[in-house]
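S.K.: No sequence on hand, only this structure:
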Ligand code: ADP
Ligand code: MG
């Protein structure tokens with residue numbers, strides 16, 4: 001084997017490893033995509049339809065395949081959705097380059113062709129196919145993202161919830177929180193402005209509507225500080241009991257007094273950890289309510305909502321801030337709803353079991369993200385892979401103007417783009433080739449929103465079916481897929497590296 005052959009075979013090995021990872025997620029693409037059940041050695045089960053989640057949970061060791069996982073993660077963090085499309089497109093681009101290699105094209109020429117093609121495709125979609133995403137389309141965008149997921153059973157309710165949440169949060173994804181509660185059905189899910197804690201006030205005697213001030217404390221009020229580091233000499237068990245009672249009580253009372261001095265007219269204290277009942281009872285007498293054992297993410301959300309910092313102990317308490325906390329019964333659960341100056345929206349998701357709820361939450365986060373994206377960028381395209389078909393036709397016409405072998409790489413890129421609608425149709429049980437031929441025809445005759453008809457086979461108008469997605473999602477999918485493909489193609493050798 002000469003040197004050139006060994007280099008080629010390194011690329012081919014990489015391509016094959018990456019394609020194996022792709023084939024796992026390919027059948028999940030589109031509204032009729034199937035789910036995967038993943039089981040680990042400990043018997044833990046995940047059921048999911050989300051491309052990024054599947055790839056993250058797969059035990060992938062091949063370095064080239066891991067690069068694909070990274071591409072999916074990038075897509076997830078930038079656009080929240082479109083991960084399966086990115087990976088399928090990258091898989092197809094890699095597969096097509098293997099064919100080009102066998103015809104004698106050099107990796108550099110393929111990379112150059114792919115780069116040109118991806119930029120042209122994105123520019124074309126931006127200038128010819130993307131339109132303004134008015135607010136009335138946001139719920140259609142949410143619906144497109146939800147179709148095919150477990151959330152589909154109450155799609156109208158869920159997509160309206162998403163749009164409401166995004167509008168209230170002003171398009172800021174970080175200001176939306178999702179709270180999952182098993183029990184009930186998806187239709188019982190609801191959206192609240194403010195932070196909702198799945199908690200009750202610590203003691204029943206506490207005022208249910210505290211006077212509008214609040215403190216956040218990032219610790220508990222039960223363990224005695226420094227107790228583990230002191231030496232005591234006591235002569236009897238009685239003496240020890242007395243010591244404990246006294247020292248405990250004074251410290252607790254000090255704690256309570258420090259809080260009371262900042263909340264003279266009553267209020268509410270949110271505590272990260274456990275609070276001793278003596279402290280709670282003392283506070284209750286002064287009209288102060290207390291919520292304890294609050295998860296860290298809820299504490300952060302509260303601090304964002306109230307616009308205050310979280311104190312680390314009762315020694316460094318900051319000024320109390322305005323806050324409106326109320327104990328509410330929502331459905332069959334009791335919650336504390338907190339409102340403040342800042343805008344934070346909480347969605348309470350209900351579902352039958354924790355496993356389905358996990359998948360529901362993932363789907364929900366995708367849909368929320370996609371709606372945020374459309375809300376902020378205000379650009380969208382018709383879905384179902386119609387933009388990819390349009391771009392493919394454009395690339396083929398453009399390829400003819402390019403001299404030399406690069407032309408072949410651009411044509412291969414166009415073929416790969418068509419794999420998205422083809423796979424959507426295939427997963428819905430229709431012939432991918434027939435679908436693509438019909439779609440090409442439709443697009444050539446000016447029906448630029450034509451995509452695969454998942455119910456009857458063939459083509460149909462995506463606009464009529466209200467299938468839309470943000471332009472940025474498609475743009476990022478094309479750019480990430482071509483970027484990762486080029487990176488994999490540029491590797492001509494895999495070499496062992498010193499472990500650091
Ligand atoms: P991804 O992880 O890439 O988002 P999905 O499984 O969510 O993968 O599939 C998304 C694709 O399905 C998008 O191209 C979207 O436009 C398409 N799609 C969604 N609803 C429909 C529909 N009703 N008809 C055809 N295509 C659809
Ligand atoms: Mg999706």
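M.R.: In hand now; what should we look at? Predicted, not measured: the structure shown is a model, and the values here were computed from it. Ligands and ions are numbered 1, 2, ... in the order given.

S.K.: can you tell me the residue of the stretch 151-300 of the chain closest to ligand 1?
M.R.: Of all residues in the stretch 151-300 of the chain, residue 152 sits closest to ligand 1, at 9.9 Å by Cβ to the nearest ligand atom. Any C-beta I mention is one placed from the backbone N, CA and C, and that applies to glycine too.

S.K.: tally of neighbours for that residue?
M.R.: Using other Cβ atoms under 10 Å, the number of residues around residue 152 comes to 14.

S.K.: Just list the residues touching it, thanks.
M.R.: residue 146 (Cβ atoms under 8 Å, 6 or more residues apart in numbering).

S.K.: rerun at 10 Å
M.R.: By Cβ atoms under 10 Å, 6 or more residues apart in numbering, the contact list for residue 152 reads 31, 143, 146, 158, 186, 363.

S.K.: out of these, which are inside helices?
M.R.: Taking DSSP state H as the definition of helices, the contacts of residue 152 contribute 143, 146, 158, 363.

S.K.: where does the residue nearest to the third one when sequence neighbours are not counted sit relative to residue 217, distance-wise?
M.R.: It refers to residue 158. The spatially closest residue to residue 158, leaving aside those adjacent along the chain, is residue 151, at 5.1 Å (Cβ to Cβ, 6 or more residues apart in numbering). As judged by Cβ to Cβ, to the nearest Å, residue 151 and residue 217 stand 37 Å apart.

S.K.: So which of these two has more stuff around it?
M.R.: residue 151 (29 against 26).

S.K.: need the contact list for that one.
M.R.: By Cβ under 10 Å, 6+ apart, the residues touching residue 151 are 142-143, 145, 157-159, 162, 186, 189, 349, 351, 356, 359-364, 366-367.

S.K.: now do 7 Å
M.R.: With contact taken as Cβ atoms under 7 Å, 6 or more residues apart in numbering, residue 151 is in contact with 158, 186, 360, 363-364.

S.K.: and if you look at residue 149?
M.R.: By Cβ under 7 Å, 6+ apart, the contact set of residue 149 is 49, 363.

S.K.: what's the answer for residue 209, then?
M.R.: Residue 209 makes contacts with residue 326, as judged by Cβ under 7 Å, 6+ apart.

S.K.: And the average pLDDT for stretch 438-457 is what?
M.R.: Across stretch 438-457, the average pLDDT comes to 92.

S.K.: and the stretch 351-500 of the chain, which of its residues are near ligand 1?
M.R.: By Cβ under 6 Å from any ligand atom, the residues of the stretch 351-500 of the chain that approach ligand 1 are 383-385, 424, 451-452, 454, 465, 467, 469.

S.K.: should've said the stretch 101-250 of the chain
M.R.: Within the stretch 101-250 of the chain, the positions near ligand 1 by Cβ under 6 Å from any ligand atom are 144, 147-148.

S.K.: Buried subset of those residues, written for PyMOL?
M.R.: Selection of buried members from those for PyMOL, criterion 16 or more other Cβ atoms under 10 Å:
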select buried, resi 144+147+148
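
S.K.: got the residue ranges for the strands in the stretch 351-500 of the chain?
M.R.: Residue ranges of the strands in the stretch 351-500 of the chain, as given by DSSP state E, counting those that start in this stretch, are 379-382, 450-452, 459-461, 468-470.

S.K.: So the closest residue to residue 197 other than its chain neighbours: helix, strand or coil?
M.R.: What sits nearest to residue 197 in space, not counting adjacent residues and going by Cβ to Cβ, 6+ apart, is residue 336, at 4.6 Å. Assigned with DSSP: H, G, I helix; E, B strand; the rest coil, residue 336 falls in the strand class.

S.K.: Test my guess that residue 336 contacts residue 199.
M.R.: Yes - in this structure, residue 336 is within contact of residue 199 by Cβ atoms under 7 Å, at 5.4 Å.

S.K.: Contacts only, for the nearest residue to residue 137 once chain neighbours are set aside.
M.R.: Once flanking residues are discounted, residue 137 sits nearest to residue 468: 5.6 Å by Cβ to Cβ, 6+ apart. Contacts for residue 468 (Cβ under 7 Å, 6+ apart) come out as 137, 140-141, 144, 380, 382-383.

S.K.: and of the residues you listed, the nearest to ligand 1?
M.R.: residue 383 (2.6 Å).

S.K.: Tell me how many other residues crowd that closest one.
M.R.: Using other Cβ under 10 Å, residue 383 has 29 neighbouring residues.

S.K.: That one: what's it in contact with?
M.R.: Listed by Cβ under 7 Å, 6+ apart, the contact partners of residue 383 are 144, 451, 462, 467-469.

S.K.: Mind giving me the packing neighbours of the one helix or strand residue 120 maps to?
M.R.: Element membership of residue 120, judged by DSSP states H and E, is helix 107-124. In terms of contacts (3 or more Cβ pairs under 7 Å, 6 or more residues apart in numbering; DSSP states H and E), helix 107-124 is packed against helix 83-102, helix 386-399, helix 406-417, helix 471-489.

S.K.: JSON lines for those, including distance to residue 372, mean neighbour count and mean pLDDT?
M.R.: Shown next, in JSON lines, are these (distance: least, Cβ to Cβ, whole Å; neighbours: other Cβ atoms under 10 Å; pLDDT from 0 to 100):
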{"stretch": "helix 83-102", "distance to residue 372": "16", "mean neighbour count": "24", "mean pLDDT": "91"}
{"stretch": "helix 386-399", "distance to residue 372": "20", "mean neighbour count": "23", "mean pLDDT": "93"}
{"stretch": "helix 406-417", "distance to residue 372": "26", "mean neighbour count": "23", "mean pLDDT": "93"}
{"stretch": "helix 471-489", "distance to residue 372": "11", "mean neighbour count": "24", "mean pLDDT": "92"}
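
S.K.: quick one, which of the ones you listed is nearest to residue 193?
M.R.: Judged by Cβ to Cβ, the one of the helices and strands packed on helix 107-124 that comes nearest to residue 193 is helix 471-489, at 26.8 Å.

S.K.: Just give me the closest of the ones in helices among the contacts of residue 152 to ligand 1.
M.R.: Relative to ligand 1, the closest of the ones in helices among the contacts of residue 152 is residue 143; by Cβ to the nearest ligand atom it sits at 7.7 Å.

S.K.: burial count for that closest one?
M.R.: As a burial measure, residue 143 scores 24 neighbours (other Cβ under 10 Å).

S.K.: Quick one: end-to-end length of stretch 310-326, please.
M.R.: For stretch 310-326, the first and last residues are 20 Å from each other (Cα to Cα, to the nearest Å).

S.K.: which residues touch it?
M.R.: If you take Cβ under 7 Å, 6+ apart as the criterion, stretch 310-326 is touched by 209-210, 212-219, 255, 258-259, 262-263, 267-268, 299, 303, 306-309, 336-341.

S.K.: Assess the claim that residue 491 and residue 14 are in contact.
M.R.: Yes - counting by Cβ under 7 Å, residue 491 touches residue 14, with 6.0 Å between them.
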